[in-house]
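Asks: mind looking at a prediction? Sequence and model below.
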Amino acid sequence: MFTVFGFMAFYSGYLIWRVFLGVDSFQFPARNYGDLGMRTWGRGVRHMTNSLQALGLLLLLGQVVILFGQNISELSRFRLCYIICPLLFVFAGFILTQVRTLKAYGWAANLSVWLNLMAIWISMGVMAHSPPNYAIAKLGSVGSAVDPSTITPDEHGNYPPIMHYTYLPKNVLVGSINGLLSGVLAYAGDQLFVEFLAEMKRPWDFIKSVASAQLFIYTIYIVYGCYTYYWQGQYTYNPSYQGVSTYGWQTVGNSLTLVSGLIAAGLYGNIGVKVLYNNVCIDIFKAPLLDTRRGKFFYAALVPVWWSVAFIIAAAIPDYFGFVSIIAASCLLNLTYTIPPLFALGFDIQKNAIREDQGDGFDETTGEVKRRLNETTVQRWIRGFLSGGPWQVAINVWHVIYFFASLAMCGLGMYAAVQGKFISSEYASLYAYYEQA
């Protein structure tokens, strides 16, 4: 399933690239994800896309703040009050998000990749020579989501031995879907592709970048995931570098990923604030443009507000594993898998519905769009859907299936995420009662 998700994420990226090339121009550039919705389906879809993207980026930022709040808490050996830990991370994020162009993040993004790889290599070596971090397993391990009894110690404090499932374990639906939602998070970058495309000069560079990045992500995740599960079984923890039992190596992993996390948070904050500023502040509240002097001051003032909301989320919901499932099901899955086929379908319908010999077209002299007056919008959509030949019609049908299948996965993911939280909450209560007893 992780392979399927990876392939479909690449396909969604291809659809975004194809639609972008079809609607972008020098005079009317496409600058963000919502612009594709505007050109293919209209203003309503644009607002829906922008709202979902802004919410997704805000929740992603909250997820990063939660993760690295836990990170700083472990680094301090839990001597700092938890609420101070995400606050320190947020203060650092204020400064990074003041960078307004993605080009300035190029070197930082490259550094982030290598820091993450170092954390992976180090944790792999430690896992092979030390037991899992049993004490932390109840907070977000495989066992806590699938079968809490497999990570519960006996009356003498002895934890069950490491075990593996050859087939699906019990509690199949909830545990399996929550696992898949972590895979959705791994491929959640499609929502940022339009912003990247808008700053690239050669379109084919984007396709080569996406292909190499997806292959890189897939290889690392599959190898690292199988390796970690082999050594730690049901105690496999998310994030994995906190699942090692040796505190010194936990500290190394936390330190490396803290820097890379700041870079990722700065990227989410940068694009999230720009989406909010360009599509809400400018369109609705008539704020000054971002490249003006007043616009730069407005942007700088909006950054702490954005990060403050992320801090509130992190301080209120310190459960990383459950929060990842919720945001992956509600926002990230739709942004990566549901919206791209919808945009591609709208683009192909609009393009194939044009009949120049019957009066449709565009007058380059007057700038007027010409359409036949004796048909409704629905009739035009039907004509566009059934035009372009058998292959194009088959592609249109496939995009409809892809769209509704993604919506179904969204509903199933939300169900599994909520049910998983009930199971984890019930287990946490029982564990607390056991420790007290």
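Replies: Perfect, thanks for sending it.

Asks: what average pLDDT does stretch 299-315 get?
Replies: Mean pLDDT, stretch 299-315: 82.

Asks: sorry, slip of the keys, the one I care about is stretch 402-412.
Replies: For stretch 402-412, the mean per-residue pLDDT is 93.

Asks: how far away is the nearest residue to Ile217 once chain neighbours are set aside from Ala316?
Replies: For Ile217, ignoring the flanking residues on the chain, the nearest one in space by Cβ to Cβ, 6 or more residues apart in numbering is Ala186 at 6.1 Å. Any C-beta I mention is one placed from the backbone N, CA and C, and that applies to glycine too. From Ala186 across to Ala316, the span is 25 Å (Cβ to Cβ, to the nearest Å).

Asks: give me the more crowded residue out of the two.
Replies: Neighbour totals were compared for Ala186 and Ala316, and Ala186 leads with 19 against 10 (other Cβ atoms under 10 Å).

Asks: number of nearby residues for Pro29?
Replies: So Pro29, with other Cβ under 10 Å, has 10 neighbours.

Asks: same check on Thr251?
Replies: Neighbour count for Thr251, taken as other Cβ under 10 Å: 15.

Asks: how much space separates the residue nearest to Ile217 from Ser130?
Replies: Going from Ala186 to Ser130 by Cβ to Cβ gives 26 Å.

Asks: likewise Lys351?
Replies: In this view, Lys351 and Ser130 are 59 Å apart by Cβ to Cβ.

Asks: got the CA positions of stretch 287-305 in PDB?
Replies: Extracted C-alpha coordinates of stretch 287-305, given in PDB (Å, rounded to 0.1, in the frame of the first residue of the first chain):
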ATOM      1  CA  ALA A 287      -4.300  44.400   2.200                       C
ATOM      2  CA  PRO A 288      -1.300  45.800   0.300                       C
ATOM      3  CA  LEU A 289       0.600  43.500  -2.100                       C
ATOM      4  CA  LEU A 290       3.400  41.500  -0.600                       C
ATOM      5  CA  ASP A 291       6.100  43.100  -2.800                       C
ATOM      6  CA  THR A 292       5.300  46.600  -1.500                       C
ATOM      7  CA  ARG A 293       6.800  48.200   1.600                       C
ATOM      8  CA  ARG A 294       3.500  48.200   3.500                       C
ATOM      9  CA  GLY A 295       2.900  44.600   2.400                       C
ATOM     10  CA  LYS A 296       6.200  43.500   3.900                       C
ATOM     11  CA  PHE A 297       5.200  45.000   7.300                       C
ATOM     12  CA  PHE A 298       1.800  43.300   7.200                       C
ATOM     13  CA  TYR A 299       3.500  40.000   6.400                       C
ATOM     14  CA  ALA A 300       5.900  40.400   9.200                       C
ATOM     15  CA  ALA A 301       3.000  41.100  11.600                       C
ATOM     16  CA  LEU A 302       1.000  38.100  10.400                       C
ATOM     17  CA  VAL A 303       3.900  35.600  11.000                       C
ATOM     18  CA  PRO A 304       3.700  35.600  14.900                       C
ATOM     19  CA  VAL A 305      -0.100  35.200  14.700                       C
END
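
Asks: Ala310 is in contact with Val90, isn't it?
Replies: Yes: using Cβ atoms under 8 Å, Ala310 is in contact with Val90, at 6.8 Å.
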